[in-house]
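Chemist: can you look at this prediction? I've put the sequence above it.
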Amino acid sequence: RYLIARVAPGRYVVHFRHPHYRAFRTDVTLNAEGEKREVNAVLEPGRRISGRVLDESGAPVAGAIVTASNGEHGAATTDAEGRFMIGGLSDQPIYCLASAPGYAATLRREVAPGTSDLEIRLPRAGKISGRLDVAPLPRQFTLRLLHLDEETRGYYPKRTVTFGDDGEFSLENIPPGTYKLEVEAAGYRALDVPELTLRAGEKLEDVRIRLARGR
C-alpha cells in the first residue's frame with residue numbers, strides 16, 4: 001500500500017518500479033481540491049542479466065556502474081568481485097553500458113535477456129592533448145574526434161568539443177583505438193588532420209594541428 005497526500009489538481013503520470021519487475025505507468029487526473037483517487041498496479045516479472053566487469057588483465061573492477069536498456073531500464077554497481085545483476089527488463093535485446101573512473105566506457109549490444117555470465121572488459125582510459133599551431137589564435141575552435149571502425153574501415157564521430165582562445169585542447173577518458181582529429185574555426189582552415197593510434201592508458205600529448213587564415 002502507498003499514499004501520496006496533498007497533491008494539487010492537475011494531470012499526472014504515476015510510475016511504479018521494482019528491481020525485479022517491469023515498470024508500470026498510468027495517467028491520473030485530479031479535477032478538484034481534496035479529490036481522492038485509488039490507483040492500483042499489477043507488476044509483471046521482468047527479465048534479468050548478470051555478470052562481471054573486469055579490467056584488461058581479468059581483475060575485477062569494483063564500483064563500476066552498469067546500465068541496461070531495452071525499453072525498460074535498470075542500473076547496478078559492481079561489488080568487490082566485479083559482479084552485478086540488473087532486473088526488471090523486457091524480452092527485447094539489451095544494450096548494456098559499463099563505466100568506472102579511470103577506464104573507458106564499454107557498450108555491449110544485443111545482449112540476450114536472461115544472460116547470467118556476461119563479461120564486460122573495461123580498458124584503461126587514454127588521453128589526447130595538444131594545441132593549435134597558428135598566429136593569431138582563433139577566438140574559439142571546435143575539435144571533432146573521429147573513431148576508426150575496424151569492420152567498415154570508416155571514421156565515425158566519437159566526440160565534439162569546443163575550446164577557448166588559448167589554442168589548447170585536451171580529451172580524456174578515450175578508449176583504445178585509431179582516431180582522426182578535425183578542427184573547425186571561423187576564418188581559418190585546417191592544414192592537418194592528425195591520425196593517431198591510442199593504446200590502453202596511453203597519453204598522447206603535445207599534438208600539434210596547423211591552421212591557416214582564410215578558407
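Modeler: On my side now, so go ahead. Numbers count the residues shown, from 1 in each chain.
Chemist: do you know how far Tyr156 is from Pro175?
Modeler: Going from Tyr156 to Pro175 by Cβ to Cβ, to the nearest Å gives 13 Å. Placement of C-beta: from N, CA and C, glycine included.
Chemist: go on, Arg189?
Modeler: Arg189 is 30 Å from Pro175, by Cβ to Cβ.
Chemist: more neighbours, these two?
Modeler: Between Arg189 and Pro175, Pro175 has the larger neighbour count (other Cβ atoms under 10 Å), namely 19 against 13.
Chemist: what about the closest residue to that one other than its chain neighbours, how many residues nearby?
Modeler: Residue nearest to Pro175 in three dimensions, not counting chain neighbours: Ala104, with 3.6 Å by Cβ to Cβ, 6 or more residues apart in numbering. If you count neighbours by other Cβ under 10 Å, Ala104 ends up with 20.
Chemist: residues in contact with Ala104?
Modeler: Leu122, Pro123, Arg124, Ala125, Gly126, Asn173, Ile174, Pro175, Pro176, Ala200 (Cβ atoms under 8 Å, 6 or more residues apart in numbering).
Chemist: among the residues you listed, the buried ones, what's the ChimeraX command?
Modeler: Selection of buried members from the contacts of Ala104 for ChimeraX, criterion 16 or more other Cβ atoms under 10 Å:
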select :122,123,125,126,174,175,176,200
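Chemist: report the separation between the residue nearest to Pro175 and Gly177.
Modeler: Look at Ala104 and Gly177: by Cβ to Cβ, they are 9 Å apart.
Chemist: check Gln92 too.
Modeler: 28 Å.
Chemist: the more surrounded of the two?
Modeler: Per other Cβ under 10 Å, whichever of Gln92 and Gly177 has more neighbours is Gly177, with 18 against 14.
Chemist: what's the neighbour count on the residue lying closest to the more buried one once chain neighbours are set aside?
Modeler: Excluding its sequence neighbours, the residue lying closest to Gly177 (Cβ to Cβ, 6+ apart) is His147, at 5.6 Å. Neighbour count of His147, defined by other Cβ under 10 Å: 18.
Chemist: in stretch 75-93, which residues are buried?
Modeler: Neighbour count says stretch 75-93 has Ala76, Thr78, Gly82, Phe84, Met85, Ile86, Gly87, Gly88, Leu89, Ser90 buried, by 16+ other Cβ under 10 Å.
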